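S.K.: from the sequence below, what's the structure:
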Amino acid sequence: MAARARTVYRCTDCGAEHPKWAGRCDTCAEWNTLVEEPVAASVAGSAARRRGGSSALGTGGRVVEPQRVGDVSGAESSRIRTGIAEFDFVLGGGIVPGSLVLVGGEPGIGKSTILLQVAAELERLGAPTLYVSGEESALQVKLRADRLGGHAAQVSLLAETSLETILATTAHHPPSVLIIDSIQTVFTGDLEGAPGNVGQVRECAARLMRFAKERGVAVLLIGHVTKGGGIAGPKTLEHIVDTVLYFEGESSLDHRVLRATKNRFGSVDEIGVFRMTEAGLVAVANPSELFLAHRGGPTASGSAVTALIEGTRPLLVEVQALAAKAGFGTPQRVSNGFDARRLAMLLAVLERRAGLTCSALDVFLNVVGGARLQEPAGDLAIAAALASSVHDRPLDQDAVFVGEIGLGGEVRPVSQVERRLAEAAKMGMTSAFVSKRSVPARTPRNLRVHGVDTVQDVFSVIAS
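M.R.: A predicted model of the protein is given here:
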């Protein structure tokens, strides 16, 4: 009679093991994160054999002489340019050989499309690429390649889900870049359990990382996302890889945002903007122009423009606010693209420090274009939009508002004001409201900069 496989309960956030299920992980204190994972008896031994070690001394490995960092020889490998400028920009200048990149996003957002375009461009530039499809058949990938056109038909394709077969194929036909769609469909025979479970995803990602480092092949993985927006599988998956990219966008809009949340070879929080077309995703060279495309005509009240810094790129976005008489007992506070708790704080500050009463009004806030307002530099634009909506008085459509609002109603300076103002002047803005302490010595030509101390000062200038 075959022995029953041992199982453990592993936390998908921190990876801690538990002998039995519990509602909360004892290590990271997160709720409902324990998932049952079968553990084969031969896994530990096979892992030790793969490392070439012996467990006779209880260490499970061989002794290796360490070396000083200064004695390490070699130089940084040149990056692989994909030919897609926005994709290279988010990665920090191109794909680093031997790196492991994880691309996540909601279903239908364009993950497979953008990576097939990347593979096509790499083939055009002479970098052999292998596209492994575990979710779609070869015919489905061919239909997408026919729609994209170009060199997509020249990409090498492998419809396979076995990790051992994939690695053996790449050893026989070594590519420069390996693309796997997706990591949740790949499995290894050394572990029990269906593809996509915690153990399979973690083990397959770890082996692909070792393969990338040993062979110098760049590996790009596609990952599904959960209902909460995080990449499905264990949280350690994001710790294993070198770079994590998220594909974002609204299904009702034709543009997509590629955001880097982790990058060992470049800066984080960089974004690349693409437009979805019939022929695939097209890079947008000027994202500010895209987000402000509908501001040419008359502007209604409750609209203001702010300048953000996404990674190293300045970006102008429009903020819309609507304050209306509450139809029920408790006024609503609804925000899209902005933290609802910070909105509540700003409303309290405006009422106490600037006399803008919204306690009996429903307040709706929207960041246009599906952008996210995460840094406090947009506080001043939100305050101006709220005041404009409450008094039903449109703001100057060529004005930009940049500043953080404190609890005392003061306007605080933000970083990189010069770059934000330069982007505003580039987009045709004629006036800017910033903190008086952050007014630069040299301002862009044709841009009038107003230095203000408090929110009340901003409202006074607007009303004058």
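S.K.: contacts only, for residue 355.
M.R.: residue 456 (CB atoms under 8 Å, 6 or more residues apart in numbering). Every C-beta, even on glycine, is put in place using the N, C-alpha and C of the backbone.
S.K.: quick check: end-to-end length of stretch 285-301?
M.R.: Stretch 285-301 has an end-to-end distance of 30 Å (CA to CA, to the nearest Å).
S.K.: actually stretch 319-335, not the one I typed
M.R.: 11 Å.
S.K.: over to stretch 216-225?
M.R.: First-to-last distance for stretch 216-225 - CA to CA - comes to 28 Å.
S.K.: from the chain's centroid, how far away is that stretch?
M.R.: When distances are taken as CA atoms, centre = their mean, to the nearest Å, stretch 216-225 is centred 15 Å away from the chain's centroid.
S.K.: okay, buried residues for it please.
M.R.: 217, 218, 219, 220, 221, 222, 223, 224, 225 (16 or more other CB atoms under 10 Å).
S.K.: then stretch 282-293?
M.R.: Neighbour-count burial for stretch 282-293 flags 282, 283, 284, 287, 288, 290, 291, 292 (criterion: 16+ other CB under 10 Å).
S.K.: longest strand in this protein, please.
M.R.: strand 313-325 (DSSP state E).
S.K.: how far does the helix or strand that that one is followed by sit from the chain's center?
M.R.: Once strand 313-325 ends, the next helix or strand along the chain (criterion: DSSP states H and E) is strand 333-336. Distance of strand 333-336 from the chain centroid (CA atoms, centre = their mean) equals 22 Å.
S.K.: partner strands of strand 333-336, parallel or antiparallel?
M.R.: Applying DSSP bridges, strand 333-336 is found paired with strand 361-367 (parallel).
S.K.: what is the subsequent helix or strand relative to the strand it pairs with?
M.R.: Assigned by DSSP H and E, the successor of strand 361-367 is helix 379-391.
S.K.: now do that following helix: distance to the chain's middle.
M.R.: 29 Å.
S.K.: helices and strands around it, which ones?
M.R.: Applying 3 or more CB pairs under 8 Å, 6 or more residues apart in numbering; DSSP states H and E, one finds that helix 379-391 makes contact with strand 303-310, strand 313-325, helix 340-353, strand 361-367, strand 399-401, strand 404-405, strand 431-435, helix 455-463.
S.K.: list the buried residues of the longest strand of the chain.
M.R.: 313, 314, 315, 316, 317, 318, 319, 320, 321, 322, 323.
S.K.: returning to that earlier point: now the buried residues of stretch 216-225 in a markdown table, with distance to residue 164 and pLDDT?
M.R.: Below are these laid out as a markdown table (distance: CB to CB, whole Å; pLDDT from 0 to 100):
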| residue | distance to residue 164 | pLDDT |
| --- | --- | --- |
| 217 | 16 | 95 |
| 218 | 21 | 96 |
| 219 | 16 | 97 |
| 220 | 20 | 97 |
| 221 | 17 | 95 |
| 222 | 20 | 94 |
| 223 | 21 | 90 |
| 224 | 22 | 83 |
| 225 | 27 | 78 |
